[in-house]
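Asks: give me the fold of what follows.
(3 chains)
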Amino acid sequence: MLLDSTLRNRGAALAAALMLGTSPVALGAATPDDTLVIAAKIDDIVSIDPAEAFEFNGIDLLNNLYDTLVELDPERPGELVPGLAESWDVSEDGLTFTFTMREGVTFASGNPVRAEDAAFSLQRVIKLNRTPSFILTQFGFTPDNVDDLIVADGNTLRMTIDRPLAPSFVYNCLTALVAAIVDKETVMANEVDGDMGYEWMKANSAGTGAYVLQSYRPSESYLLEAREGHWRGDANLRRVFLRHIPEPSTQRLMLEAGDIDIARDLTPVDVEGMAGNDDVVITDDVGGYIAYIAINGQHETLAHPAVLDAMRWLIDYEGMANSFLKGQQMVHQHFLPRGYLGALEETPYSLDVERAQEILAEAGIETPINATLSVRNSQDRMEMAQSIQNTFAQAGINIELSVGAGAEVLGEYRARQHEITLQAWGPDYPDPHTNASTFAMNPDNSPDAGLTGILAWRNAWDPEDLHEMAEAAVMERDTDARRAMYEEIQRRHRDDSPFIAMFQSIDQTGMRANVQGFHTGGAIDNATYWLATK
Amino acid sequence: MTTVTTMTQWLRDPAPRSRLQARAGQLWLGWLRLRRNRLTVIGLSIVLLLLLVAAFAPWIAPHNPLAQDLSQRLLPPLSPGHLMGTDEFGRDIFSRIVFGSRITLYIVTLVALTAPLFGLIVGTVAGYFGGIVDQVLMRITDIFLAFPRLILALALVAVLGPGIENAVLAIALTAWPPYARVARAETLTVRSSDYIAAARLQGAGGARIVWGHVMPMCVPSVIIRVTLDMAGVILTAAGLGFLGLGVQPPLPEWGQMISAGRKFLFDQWWVATMPGLAIATVSLGFNLLGDGLRDVLDPRSSGK
Amino acid sequence: MTTPPDPVSIRPRLWPRLRGVAGVLVALAATLLGLLLVTFVIGRVVPIDPVLAVIGERATQAQYEAARLSLGLDRPVWEQFAIYVRDALTGDLGTSIRTRTPVADDIRRFFPATLELATLATIIGVILGIPAGVLAATKPGSLLDQAVRLIGLIGYSLPVFWLGLMGLLLFYGILGWVGGPGRLSSGYEMMFEFDVPRVTGMILIDTALAGQWAIFRNALSHIILPAGVLGYYSMAYISRMTRSFMMNELSQEYITTARVKGMPEWRVVWVHALRNVQVPLITVIVLSYATLLEGSVLTETVFAWPGLGLYITTALFSADMPAVLGGTVVVGMVFVGLNMFSDILYRIVDPRAR
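Replies: I've put the predicted structure just below:
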């Protein structure tokens, strides 16, 4: 009977929790004191080799295993600070860069860090020629010439590029993890069939970072162990344990129960639901992703300038950002995310159905127009797509959604087979050129050019003089002038391209209240674990 | 009143005067037995209710199931004008569930028509002709049986692309093997019976015998299975919807509604729970009905 | 999620006329080969390009081609298939495109999780399902019968992901009676990593072997909820089939005779009748077990359970065909193997079987 009444009480508590939306009671299943336990969805990680990794989750991991010559200050986003290079210099003609290596730094193996390791690391990226190598090949390196253009000379590394690019651009590129310095001796000791350690690096690390990879189980977890004698000073917590938890609701339950210290994939609903919980703190960081729709230029009706213009007025930017995207996306109508040089925060477009109808009528466009919007099957994208579908229809543009797996939608996009596609783009390195080079540049718009990595090409769009402007901007050495150039490019791009940028992502991270010093890196940097305490 | 009595008497006549009367009488007896079990009647009522709701959806639903109103989003149940509350786009959940019943019914009907028929053909042909035909067909059946079902459906949807017809096709393709097995087993038992031999002596061809004489014998057991399977079909369709591969938004498919509502499960529980209850109710209805039908039609379990 | 096939339809001679080990093996090989072929064909027609899943947005056409070449996707399809079958025969299931690890290793990691969960769920299903079914059959139409039937059918009718999330909220979030998602709590996960030698990959067994009872208890608290959810479905199925078999058996003459002779009712039901339905019952249990071993994608998603169903599904969405093929082969083999097992049992237990 006693049991019975307890059960009934608990049942009532459940009912109350359900009805009133109160948060579940937290439990005392604490995480180990010396370990930072993180929940994230990491099944997107394809590689943990710096020469190959390109996904955000993989890069976050690498950021804690490796260091680069030039680094970003984790506490002051965007600021360049010395990394494994103590100082650097560029020649008068802007073509030769010299980096002086920091003394006394060792790899986790105990080997000293030499200029030779740095040269090897960069050469390795070019020679392996995986996706992220483009960050370095834009300086003119090829597998054939890289041994001559990147040279170790005593304690310095000399790098010669093919045209006088803005030095800040070069340094920014070198902060990307693709330019991470790996331990040449260790990597080459594990070489198989001349693969430069590629096979071995699938499951091992060989860096100078504060942590060493202890185990990596794809789509399940990774475990990092702090090393002694890290050049920045040892990490605060001995271990970092990251668990793959695919469902956001599940991450939330675990965070509230204290089973994890940090949850990285919370939805706004979860955040709102935890509002009253003092054990949990939410941090907001601007993220780097730009959500946009793009219209294929090969589609005559849709790519008509008036139709494009009308579409810009047919998206309920504010409505979405204030409802189901609240806390997750903010309205952003340019291709450079906030935090980047030249980023613009103005939002000239808003939902205005009448205006869109007028534009269509004036240009003599006949409605209804039927079109297909391709979207990947993730929840937030589907929600955006449904809202767009709803507002487009109000001006006679009838959208049919075509939902597919990520790779499927991407495949169609790369093959120029979409009509309208809803996508998100994340920058690859902390320089405005990263997005300008793909949104506003297109060296050859012909179908045979096969420039599948370039967004403008995928939409069969020739940016004409914007292309030259972007090329000039990446050569401009004066920062203010450079900023002004990107601002102009973006405004014109916003009004006259087949791209409609809508939102910039916000990263909401849930942490137990005792966790301090965890940085997500925001829009331009990556997560740092070594400063965290709890 | 008198017509009813006469009718009942006609049905109960122990010495039927026509084939029609005999059949009708059998059905009547079956109905009486069915009616005795309260749970079966409940199941039948649920299925009938589904039919009615689907047929009269536009008159029952108070709102347009697709109309978005972001200012009215996530209203709790029993809010004015929204019996079951609203979802993340401010759409009326009750109206969506009412219209969603059409989609569910559509899927169920199409699967119920295709999978059993295909399985029936494969099973009866294999069973009747035997030999190498049997070997090959049954091996194929085994292959499909050994395949993880939801994964096969997923793969097929991935091949065909998401959408309601493709979901139906995928489910049907995963659902047929058990029917083939049932039909084959039944065929083996009737193959050597006298009336088949008689038909053969009269010069009927293999196809004709299978179609006209063997298949009808397998129908009752298949029907029972169909009813019991319908709940599984609804749940598989919901599972596909849950994974984003079933019926595409904005169509109000129940599984997809649960999927979209799951992120609200802890705070705005009704968004996912209402369609969850709808699915549970309807599949319970089919299950109760199927269970009851089995008790009535299946001679093995109808004996006291 | 999916209803297991009706055992009655499967039990009769899975391998008709093919007697003897050789025949069985030929049929087994044919089934598996067919299974592979179907999977392979599906993999080729899935409109997802596996290369794209691994090279990312910025890859150039040349990098795309290089990746395609290194994955062997440039060869003709039949050749890829032949190579695959040849390697599979030597136990090499290829390398997963997505995780870059040998598929066999991945499966060794994911399958024990599924096996552990399915086994426990089946045990729960059997322990609850059989007595419930028997009791219901002894008093058909009674309140008890109706209750068993209703509880079972409700189990049949609930979407598993809904039940799973609700269960988590109630038993983990609010009541705190069970461990959360995943196989272990974070701290124990690391203890397991460092202190427990892997023998079977099943945490409950490995920790028991190593005498690590604290980890064992933690693992138990994590598995009990997903196993309970799956066990509920299993129980629904088993109780229903048990009832049906028992009803049939209890109407037989020998039962009446036994009753007339004054044998106690419990003995009639639990010993004589039950013994005679054990054959079909074993088939039912084996089938429900086989279905669970396929891995339940939805349950595994909700409970962050690193199992085979989740593995195959994730692989499917990135067109990681080596992984999908490997997973399917394993599931297919398990299914076919269990069927053979139940066939053999059938012969041993029931002398009447041919």
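Asks: low pLDDT regions in the chain?
Replies: No chain specified, so I'll use chain A. Judged by pLDDT under 70, chain A has its weakly predicted residues at A:1-29.
Asks: you answered for a different chain; I wanted chain C.
Replies: C:1-24, C:295, C:346-354.
Asks: how is it divided into domains?
Replies: Annotated domains of chain C cover C:16-89, C:103-353 [automatic domain parsing].
Asks: point out the most buried one among those domains.
Replies: Most buried of these, by mean neighbour count (mean count of other Cβ atoms under 10 Å in any protein chain shown): domain C:103-353, with a mean of 21. C-beta: built from backbone N, CA, C; applies to glycine.
Asks: is that domain anywhere near chain B?
Replies: Yes. Residues of domain C:103-353 contacting chain B under Cβ under 8 Å from any Cβ of the partner chain: C:141, C:146, C:149-150, C:153-154, C:156-162, C:165-166, C:169, C:173, C:240, C:244, C:247-248, C:251, C:294-295, C:297-298, C:309, C:312-313, C:316-317, C:324, C:328, C:331-332, C:335-336.
Asks: quick revisit: turn the domains of chain C into a markdown table, columns for distance to B:Leu188.
Replies: Output for the domains of chain C, formatted as a markdown table (distance: least, Cβ to Cβ, whole Å):
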| stretch | distance to B:Leu188 |
| --- | --- |
| domain C:16-89 | 9 |
| domain C:103-353 | 16 |
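Asks: as JSON lines, those with distance to chain A would be great.
Replies: Below are those laid out as JSON lines (distance: least, Cβ to the nearest Cβ, whole Å):
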{"stretch": "domain C:16-89", "distance to chain A": "4"}
{"stretch": "domain C:103-353", "distance to chain A": "3"}
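Asks: what segments of the stretch 201-350 of chain C are helices?
Replies: All helices of the stretch 201-350 of chain C, identified by DSSP state H, counting those that start in this stretch, fall at C:203-210, C:213-250, C:253-260, C:265-267, C:274-293, C:297-302, C:308-317, C:321-349.
Asks: which among these is found nearest to A:Leu531?
Replies: helix C:213-250 (30.2 Å; Cβ to Cβ).
Asks: tell me the gap between the closest one and the middle of its chain.
Replies: In terms of Cα atoms, centre = their mean, to the nearest Å, the centre of helix C:213-250 is found 13 Å from the chain centre.
Asks: packing partners of that helix?
Replies: For helix C:213-250, the elements it packs on are helix B:299-302, helix C:103-138, helix C:143-157, helix C:160-167, helix C:186-195, helix C:203-210, helix C:274-293, helix C:297-302, judged by 3 or more Cβ pairs under 8 Å, 6 or more residues apart in numbering or on different chains; DSSP states H and E.
Asks: dump the helices of the stretch 201-350 of chain C into TSV; add distance to A:Val81 as well.
Replies: Shown next, in TSV, are the helices of the stretch 201-350 of chain C (distance: least, Cβ to Cβ, whole Å):
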stretch	distance to A:Val81
helix C:203-210	44
helix C:213-250	43
helix C:253-260	86
helix C:265-267	81
helix C:274-293	54
helix C:297-302	42
helix C:308-317	38
helix C:321-349	42
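Asks: which of these sits closest to A:Glu346?
Replies: Closest approach to A:Glu346 among the helices of the stretch 201-350 of chain C (Cβ to Cβ): helix C:308-317, 38.3 Å.
Asks: A:Pro348: what secondary structure?
Replies: Secondary structure state of A:Pro348, per DSSP: H, G, I helix; E, B strand; the rest coil, is coil.
Asks: for the residue nearest to the spatial centre of chain C, give me its contacts.
Replies: Residue closest to the average C-alpha location in chain C (Cα atoms, centre = their mean): C:Leu293, at 1.3 Å. Residues near C:Leu293 by Cβ atoms under 8 Å, 6 or more residues apart in numbering or on different chains: C:114-115, C:118, C:308, C:331, C:334-335, C:338.
Asks: with A:Glu86 instead?
Replies: With contact set as Cβ under 8 Å, 6+ apart, A:Glu86 has these partners: A:100-103.
Asks: tell me the one of the residues you listed nearest chain C?
Replies: Using Cβ to the nearest Cβ, A:Met101 is the member of the contacts of A:Glu86 that lies nearest chain C, at 29.3 Å.
Asks: quick check: beta-bridge partners of the closest one?
Replies: A:Ala85 (DSSP bridges).
Asks: tell me the contacts of it?
Replies: By Cβ under 8 Å, 6+ apart, the contact list for A:Met101 reads A:84-86, A:113-115, A:118, A:155-157.
Asks: for A:Ala501, helix, strand, or coil?
Replies: strand.
Asks: bridged to it, which residues?
Replies: A:Tyr292.
Asks: re earlier: which ChimeraX command selects the buried ones in the contacts of A:Glu86?
Replies: The buried subset of the contacts of A:Glu86, as determined by 16 or more other Cβ atoms under 10 Å in any protein chain shown, is captured in ChimeraX by this line:
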select /A:100,101,102
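Asks: what residue ranges in the stretch 151-300 of chain B score low on pLDDT?
Replies: B:242-245, B:297-300.
Asks: flag every residue of it that's near chain A.
Replies: Proximity of the stretch 151-300 of chain B to chain A (Cβ under 8 Å from any Cβ) is limited to residues B:158, B:161-162, B:243-245, B:248-250, B:259-260, B:262-269.
Asks: among these, which are in reach of chain C?
Replies: Okay, of these touching chain C (Cβ under 8 Å from any Cβ), that's B:158, B:161, B:243, B:262, B:265-266.
Asks: give the other helices and strands that the helix or strand hosting C:Leu25 contacts.
Replies: Using DSSP states H and E, C:Leu25 maps to helix C:20-45. Judged by 3+ Cβ pairs under 8 Å, 6+ apart, helix C:20-45 is in contact with helix B:131-146, helix B:149-160, helix C:77-89, helix C:321-349.
Asks: quick check, nearest of the contacts of C:Leu293 to A:Ile126?
Replies: Nearest member of those to A:Ile126, counting by Cβ to Cβ, is C:Leu308, at 39.6 Å.
Asks: so that closest one touches C:Arg108, yeah?
Replies: No. Shown here, C:Leu308 and C:Arg108 do not form a contact pair, counting by Cβ atoms under 8 Å, at 10.9 Å.
Asks: overlap in contacts, these two.
Replies: By Cβ under 8 Å, 6+ apart, no residue touches both C:Leu308 and C:Arg108.
Asks: just send the contacts of C:Leu293 back as JSON lines, with distance to A:Ala440 too.
Replies: Formatted as JSON lines, the contacts of C:Leu293 follow (distance: Cβ to Cβ, whole Å):
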{"residue": "C:Thr114", "distance to A:Ala440": "49"}
{"residue": "C:Leu115", "distance to A:Ala440": "54"}
{"residue": "C:Ala118", "distance to A:Ala440": "54"}
{"residue": "C:Leu308", "distance to A:Ala440": "46"}
{"residue": "C:Val331", "distance to A:Ala440": "49"}
{"residue": "C:Val334", "distance to A:Ala440": "54"}
{"residue": "C:Phe335", "distance to A:Ala440": "55"}
{"residue": "C:Leu338", "distance to A:Ala440": "59"}
